[in-house]
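# Sequence plus predicted model, see below.
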Amino acid sequence: MNDEYEARLADLERRVRILEGDATRRGAGDGPGGTGPVADVAGSTGSVTYGGFVSLHGHVRWNIEYDAGASLALDPVPVAAVLDALGNPARLAIVRTLLRGPATATELQDATDLTSTGRLYHHLRALSAARVVEQGSRNRYRIAPEKVVPLLVLTVAAADVGEQLR
C-alpha cells in the first residue's frame, strides 16, 4: 500500500512539473531509489514519456519523461552500444529469458538453443558491456529491476517501428 501511495505521489509531482514547464528528465521507480533525476530546460521542444508496471520476476514500476530536443543531444556511443547489443536475435533471446528471472549460464544456453558455451559467453559479454545484463554470484545472470521496463519498451518500440503492432 505504501509503494502505491509513493508511486501516485511521484506521478502527481511529475504532472505538476510538466504543468510548470520544467521537463528534461523525470523518472520514478518503485524499488531502491524511488524517484529518478530531474533537470530544468527552458524552451522545451516537447517530451517523450514511457513507463509501466511489470510483474515478471518481481514488481517493477517505472515512469520517465525526457525532453524531446535533449534526447537528440544524448551521447550516441552508449545508446548505440545498447541498440547493437539488443540487435542480435540470440542476445534478444537471452534478454527475454532474463526478463522472466535470473538464470545460470546453463539455463540460458538451454532456453536460447545456443549449442556452444563459447557463443553464449560471447553474447553475455556484449550484453554486459552494454550494461543490459549483470552477472551475480556463481555464474548467475540477471537484469537489474530498473532496466526491466526500459528493455520491454525498447522491444515494443522496435516492433512498432518494424510495423509488427499494426
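Great, that's in hand.

# what's the nearest residue to the residue nearest to the spatial centre of the chain if we skip its chain neighbours?
Centroid check for the chain by C-alpha atoms, centre = their mean gives P150 as the closest residue, at 2.4 Å. Using C-beta to C-beta, 6 or more residues apart in numbering and skipping residues adjacent in sequence, the residue nearest P150 is W62, 7.1 Å away. From N, CA and C alone the C-beta is placed, and that goes for glycine too.

# Neighbours of the one you found, how many?
The local packing of W62 (other C-beta atoms under 10 Å) involves 24 other residues.

# ditto for the one 5 residues further on
By the criterion of other C-beta under 10 Å, D67 has 21 neighbours.

# so what's it bridging to?
S47 (DSSP bridges).

# is it true that it touches T45?
Yes. Using C-beta atoms under 8 Å, D67 is in contact with T45, at 6.7 Å.

# Please enumerate the strands of the chain.
In the chain, the segments counted as strands under DSSP state E are 25-30, 47-55, 59-67, 103-104, 134-135, 140-142.

# what's the fifth one in contact with?
If I follow you right, that is strand 134-135. Applying C-beta atoms under 8 Å, 6 or more residues apart in numbering, the contact partners of strand 134-135 are L124, S128, Y141, R142, I143, A144.

# Which among the residues you listed count as buried?
Buried members of the contacts of strand 134-135, counted by 16 or more other C-beta atoms under 10 Å: L124, Y141, R142, I143.

# closest to L165 among those residues?
I143 (22.7 Å; C-beta to C-beta).
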